[in-house]
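Peer 1: sequence and predicted model, in that order:
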Amino acid sequence: MTATPAIELIEYLTGDDAGATPVASIVVLHGLGADGRDFVPIAQELDLHAVGPVRWVFPSAPVRPVTLNGGYPMRAWYDIYPPGADGTRRDDEAGLRESQAIVQHLLDREAGRGVAPARTVLMGFSQGCAMTLLAGLRAPQRLAGLVALSGYLPLAAATAAERHPANRDTPVFMAHGDFDDIVVPARGEAARDALLALGQPVQWHPYPMDHSVCLEEVRDLNAWLLTVLAPD
């Protein structure tokens, strides 16, 4: 068995008492070429005080050559290949599976530190969104929710067979920009439709933006997180 590679991460605790024990965790996966710092400002805009102390975990993907960018090394959860002549896309299954193991390790780490999977949200943007859907739907213990921002469903044909029963009813917050020219809206919509066809609870949010995050999206996400992480 291949060992899970060590990765860099940063984390912080939100709530009224910085020294309190977290009652929930949110693991955030960044997009291609970014790092764990990318979504810290977005997280800081969210008000989850009603939940209690929340631990935010921001890992940085390994550095690897990315074929679509001429083989230039950058932080990436997996390689991206150019579309074929007919427009078809090929997933980097080996890279996806490696990062799936990394993400599961991070989820297990939170459980080991006292935050149950059912109190943990997995969230990602772009490539991080793809990893959220890949790893979150296959996680062996039910998560509180999945946040899929401006991304798509990788290894889509395998999702039905590989989705773990524990996460078949896990709520998914999906958001996408109407003017996204990096991950075109049709790819996000295809992911939404595939999950809905499997009976996955999906809340879909389109916004008049490009490949980014907007204030309205942050507000909607805030409301959704308060729901899925509401104290028992």
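Peer 2: It's in.
Peer 1: residue ranges of the helices in this protein, please?
Peer 2: 40-45, 93-112, 127-138, 159-162, 185-197, 215-228 (DSSP state H).
Peer 1: show me what the fifth one is in contact with.
Peer 2: In this case it means helix 185-197. With contact meaning C-beta atoms under 8 Å, 6 or more residues apart in numbering, helix 185-197 is reached by 133, 148, 150-153, 156, 159, 172, 174, 176-178, 180, 202, 204, 206. Yep, even glycine has a C-beta here, placed from its N, CA and C like the rest.
Peer 1: just the buried members of these?
Peer 2: 133, 148, 150-153, 159, 172, 174, 176-177, 180, 202, 204, 206 (16 or more other C-beta atoms under 10 Å).
Peer 1: so which of these are in strands?
Peer 2: Under the assignment DSSP state E, the buried ones among the contacts of helix 185-197 contribute A148, V172, M174, H176, G177, V202, W204, P206 to strands.
Peer 1: what is the last one paired to in the beta sheet?
Peer 2: In this structure, P206 has beta-bridge partners H176, where bridges are defined by DSSP bridges.
Peer 1: which intervals of this structure have sub-threshold pLDDT?
Peer 2: Scanning the chain for pLDDT under 70 picks out 1-6, 16-18.
Peer 1: report the distance from stretch 121-136 to the chain centre.
Peer 2: Relative to its chain's centre, stretch 121-136 lies at 2 Å (C-alpha atoms, centre = their mean, to the nearest Å).
Peer 1: for P82, which residues are in contact?
Peer 2: So P82 contacts T67, L68 (C-beta under 8 Å, 6+ apart).
Peer 1: can you tell me how far it sits from A34?
Peer 2: The gap separating P82 from A34 is 21 Å, by C-beta to C-beta, to the nearest Å.
Peer 1: tell me which residues touch the residue nearest the centre of the chain, please.
Peer 2: For the chain, the residue sitting closest to the mean C-alpha position, by C-alpha atoms, centre = their mean, is G124 at 2.6 Å. Listed by C-beta under 8 Å, 6+ apart, the contact set of G124 reads V28, L29, H30, G31, A130, M131, T132, L133, V147, A148, L149, G151.
Peer 1: output the ones in strands among the buried ones among the contacts of helix 185-197 as TSV; include the columns distance to I7.
Peer 2: Shown next, in TSV, are these (distance: C-beta to C-beta, whole Å):
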residue	distance to I7
A148	21
V172	24
M174	25
H176	27
G177	28
V202	29
W204	31
P206	32
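Peer 1: quick one: closest of the helices of the chain to P22.
Peer 2: Each of the helices of the chain has some distance to P22 by C-beta to C-beta; the shortest is helix 93-112, at 8.6 Å.
Peer 1: and the closest one, how far out from the chain middle?
Peer 2: The answer for helix 93-112 is 12 Å, by C-alpha atoms, centre = their mean.
Peer 1: tilt between that helix and helix 127-138?
Peer 2: Helix 93-112 and helix 127-138 meet at an angle of 70 degrees, taking axes from the mean of the first three to the mean of the last three C-alpha atoms, to 10 degrees as the criterion.
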